[in-house]
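Visitor: Requesting a structural model of the entry that follows:
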Amino acid sequence: MEESRRIIADAVYGKKTQAFRKIIRVTADEEQKSTEILGCRVCGAKVLGSCIEVDNGAGKKVKAKVNFDIHIWYRTESDTKVAKLSAEFFEHIEVAKQGAETFSHEKADVWIKENPKCLEPIVIGNPEGNQFAVEMEYALEAEVIGEGALSVKVFDT
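Guide: This is a model prediction of the structure:
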């Protein structure tokens with residue numbers, strides 16, 4: 001006797017890795033002018049949340065909320081100081097559909113593929129105080145997962 005059963009499982013709708021570059025400004029609290037940047041470090045990088053923002057038929061646009069801390073060591077005329085900033089922002093990733101299947105109950109999952117790194121921090125001449133511009137480079141990977149249904153034939157043996 002032949003019987004048909006339906007199996008419901010999560011399946012990957014699409015996946016994409018995307019690199020980002022962003023310039024972030026960091027302001028120091030010191031009144032003394034900074035003369036030289038000694039180093040820059042990024043720590044605590046994490047994705048706080050993600051969601052599907054747009055469904056355009058051929059793919060989906062995933063929105064991710066990203067957070068990391070930037071520490072810049074710099075020298076003033078008389079001392080060494082650290083400027084800190086916790087940066088939080090949104091990134092968008094276009095994920096193309098991998099197959100012709102349709103899914104329901106879709107969700108987005110985003111993680112950091114390459115940790116953020118500082119590229120060439122510079123001192124900005126600003127009358128209001130010390131300000132630094134840091135170019136950040138990192139990569140995020142997004143995956144859209146949906147619920148799919150399979151029909152299988154079951155045979156008695």
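Visitor: what bridges to the spatially most central residue of the chain?
Guide: Centroid-nearest residue in the chain: L140, 4.5 Å away (criterion: Cα atoms, centre = their mean). Residues in a beta bridge with L140, per DSSP bridges, are Q18, I112.
Visitor: gap between it and D109?
Guide: The gap separating L140 from D109 is 11 Å, by Cβ to Cβ, to the nearest Å. Every C-beta, even on glycine, is put in place using the N, C-alpha and C of the backbone.
Visitor: where along the protein do the strands fall?
Guide: 2-27, 34-55, 59-76, 80-96, 104-124, 131-155 (DSSP state E).
Visitor: any idea of the angle the fifth one forms with strand 2-27?
Guide: Right, the one you point to is strand 104-124. 20 degrees (axes from the mean of the first three to the mean of the last three Cα atoms, to 10 degrees).
Visitor: How far does strand 104-124 sit from its chain's centre?
Guide: Centroid separation for strand 104-124 versus its chain: 3 Å, with Cα atoms, centre = their mean, to the nearest Å.
Visitor: Over to the last one?
Guide: Distance, stretch centre to chain centre, for strand 131-155: 11 Å (Cα atoms, centre = their mean).
Visitor: Quick check: buried residues in it?
Guide: Within strand 131-155, the residues that count as buried by 16 or more other Cβ atoms under 10 Å are 131-132, 134, 136, 138, 140-146, 148.
Visitor: likewise the longest one?
Guide: Neighbour-count burial for strand 2-27, counted by 16+ other Cβ under 10 Å, picks out 13-14, 16, 18, 20, 24, 26.
Visitor: export these to a markdown table and tack on distance to C40 and pLDDT?
Guide: Putting these into a markdown table (distance: Cβ to Cβ, whole Å; pLDDT from 0 to 100) gives the following:
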| residue | distance to C40 | pLDDT |
| --- | --- | --- |
| Y13 | 37 | 84 |
| G14 | 35 | 88 |
| K16 | 28 | 94 |
| Q18 | 23 | 96 |
| F20 | 17 | 96 |
| I24 | 10 | 91 |
| V26 | 9 | 87 |
